[in-house]
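1. Below are the sequence and a predicted model for it; my questions follow.
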Amino acid sequence: MTAPLVTILDDEPAIRTLLADTLEEAGFRTLTFGRATEFEASLKSVTPDVCLVDLSLPDRDGLTLVHRLALEQGATVIIISGRAQVQDRVTGLELGADDYIIKPFDPAEVVARIRARLRRDTPARQTGDTATFEGWTAHFNSYVLEDDQGQETPFSHAEGEVLRLFLDRPKRLISRQAMQEALGGGAGESFDRAMDVRISRLRTKLREDPKNPRLIKTIYGAGYIFLGDVRWR
């Protein structure tokens, strides 16, 4: 089995070297980049399992890049940044990042977080990559929602994690705590805000009435329930 590929995008050579050495010792394959343009060019020929992205890049806004990766690439995206403000973390998660690590960091923690993210993806993949429900088909291998007319709408990796959680547990209450335990990431306000944004985006893509959603119901003070009938294949 091929080792997972981790790409490292950071303009500081010492950090790139530190992360690459640590990850390779832990059994990962790595590719390192100092500029966003080089990294984006590589995506034409490689498919990373995890992207580590610094926000302070010399040639591109890191948050814009994170958003594009989340929507188009389907890889797990972990921000590694010196920006420690709560709002920076909230914004990064809202734009589709799966995790946010603040510099300076312990390299062993980065390895642990990557392994945790990959473990969370594995059980869902074993149940199948395609689910049908209420006239929709969710293709998790290509991160696309397809309606009954064949029209496709892309969703991000982070949105896909939430959707898969709902589809794995239809017609069951999922509390905020259960979501945090299943999806990981920081607890508290930043996690709650990120979940609100992802669920709102999923409702929009499923063409739900925001005032009276049919599929993803909010149970105030308790959590959420997905009301559709689901079939995995």
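-> Great, that's in hand.
2. Helix or strand: which one has the residue nearest the centre of the chain?
-> Closest to where the C-alpha atoms of the chain average out (Cα atoms, centre = their mean) is Ala158, at 3.0 Å. Per DSSP states H and E, Ala158 falls inside helix 157-168.
3. which helices and strands does whatever helix or strand comes next after that helix pack with?
-> The helix or strand immediately downstream of helix 157-168 is helix 176-183, counting by DSSP H and E. Using 3 or more Cβ pairs under 8 Å, 6 or more residues apart in numbering; DSSP states H and E, the elements in contact with helix 176-183 are helix 157-168, helix 189-205, strand 223-226. From N, CA and C alone the C-beta is placed, and that goes for glycine too.
4. same for the longest one, what does it pack against?
-> Read that as helix 189-205. Under the contact rule (3+ Cβ pairs under 8 Å, 6+ apart), helix 189-205 is packed against helix 86-94, helix 157-168, helix 176-183, strand 216-219.
5. Could you tell me the angle between it and helix 176-183?
-> Inter-element angle recorded for helix 189-205 and helix 176-183: 90 degrees (by axes from the mean of the first three to the mean of the last three Cα atoms, to 10 degrees).
6. on that earlier part again, now render the helices and strands packed on helix 176-183 as CSV, adding mean pLDDT and distance to Pro48.
-> As requested, these are exported to CSV (pLDDT from 0 to 100; distance: least, Cβ to Cβ, whole Å):
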stretch, mean pLDDT, distance to Pro48
helix 157-168, 91, 11
helix 189-205, 86, 21
strand 223-226, 90, 30
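7. winner for burial among these?
-> Per residue and on average, the most neighbours among the helices and strands packed on helix 176-183 fall to helix 157-168, with a mean of 22 (mean count of other Cβ atoms under 10 Å).
8. just how off-centre is it within its chain?
-> 9 Å (Cα atoms, centre = their mean, to the nearest Å).
9. Mind listing residues that contact that helix?
-> For helix 157-168, the external contacting residues (Cβ atoms under 8 Å, 6 or more residues apart in numbering) are 70, 73-77, 93, 96-98, 120, 124, 127, 131, 133, 138, 140, 143, 155, 174, 179, 182-183, 194-195, 198-199, 201-202, 205, 216, 224, 226, 230, 232.
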